[in-house]
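>>> here are the coordinates; sequence isn't available:
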Ligand SMILES: C[S@@+](CC[C@H](N)C(=O)[O-])C[C@H]1O[C@@H](n2cnc3c(N)ncnc32)[C@H](O)[C@@H]1O
């Protein structure tokens, strides 16, 4: 399949095989494409989870585990679980320093294998653009988080300001596919990135989707000139 978006039925397999093929280079490409900002954003995600002392955090679509590892570094008192449906991404994560006893659970974000109310927060970083049903994925995160806990979503978005929108468009449509063709054995992966970003709801619409699945007090802010959005909702 070429780089355009797969149908909702094809999407899970397309996404899984794309991340399986890029797993070993994923962290390196991420640092490069986000100009080294990705780790700073992950710290913000952990803070936004507002975990209680001794609480539990689920990182959905954890990939190579960077949010989960950041959470453990900042909050050693918290029990962190990383889940993802791409085995190869988690293999890279498992080999990282500090991940020796981090549980990686192979699971679909649309069907999480955890009982209701079993976490104090659920978070995701750059996952939601990839799922075939955004509402269903938020509903699952809401289900596994106890009342009063948080659901936090970090995702790429399109800037609202025209000038930044143009620059963003050039960067994601022209430069990113070239960088990825240079670094990756699967350049489709990084032309899928701009295509999936264009198709993804803008921040106010994403906030409405979160509210529609029962999350309360949904707020959002944008980072890096409006190219990344952080959404926070309460169960
Ligand atoms: C862009 S990576 C993000 C990884 C990590 N959260 C980070 O911040 O770097 C997206 C991850 O979401 C996972 N993913 C996509 N759709 C999924 C689904 N339906 N269920 C579980 N994981 C999924 C992919 O396997 C991939 O590891």
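Perfect, thanks for sending it. Model, not experiment: these values are computed from the prediction.

>>> quick one: low-confidence parts of this protein?
Across the chain, the ranges flagged by pLDDT under 70 are 1-3, 180-190.

>>> Would you mind listing what in it touches the ligand?
Contact residues, the chain versus the ligand (Cβ under 6 Å from any ligand atom): 12, 15-16, 19, 30, 61-63, 66-67, 84-86, 89, 108-110, 125-127, 130-131. C-beta here means a position set from N, CA and C on the backbone, and glycine is covered the same way.

>>> Strands along this structure, start to end?
Secondary structure of the chain by DSSP state E: the strands cover 56-60, 79-84, 104-106, 119-125, 145-156, 216-223, 228-234.

>>> which strands and helices sit next to the first one?
So the one you mean is strand 56-60. For strand 56-60, the elements it packs on are helix 66-74, strand 79-84, strand 119-125, helix 134-144, judged by 3 or more Cβ pairs under 8 Å, 6 or more residues apart in numbering; DSSP states H and E.

>>> picking that back up, can you redo the strands of the chain as JSON lines with distance to residue 177 and mean neighbour count?
Formatted as JSON lines, the strands of the chain follow (distance: least, Cβ to Cβ, whole Å; neighbours: other Cβ atoms under 10 Å):
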{"stretch": "strand 56-60", "distance to residue 177": "27", "mean neighbour count": "27"}
{"stretch": "strand 79-84", "distance to residue 177": "24", "mean neighbour count": "24"}
{"stretch": "strand 104-106", "distance to residue 177": "30", "mean neighbour count": "16"}
{"stretch": "strand 119-125", "distance to residue 177": "22", "mean neighbour count": "28"}
{"stretch": "strand 145-156", "distance to residue 177": "15", "mean neighbour count": "21"}
{"stretch": "strand 216-223", "distance to residue 177": "23", "mean neighbour count": "14"}
{"stretch": "strand 228-234", "distance to residue 177": "19", "mean neighbour count": "22"}
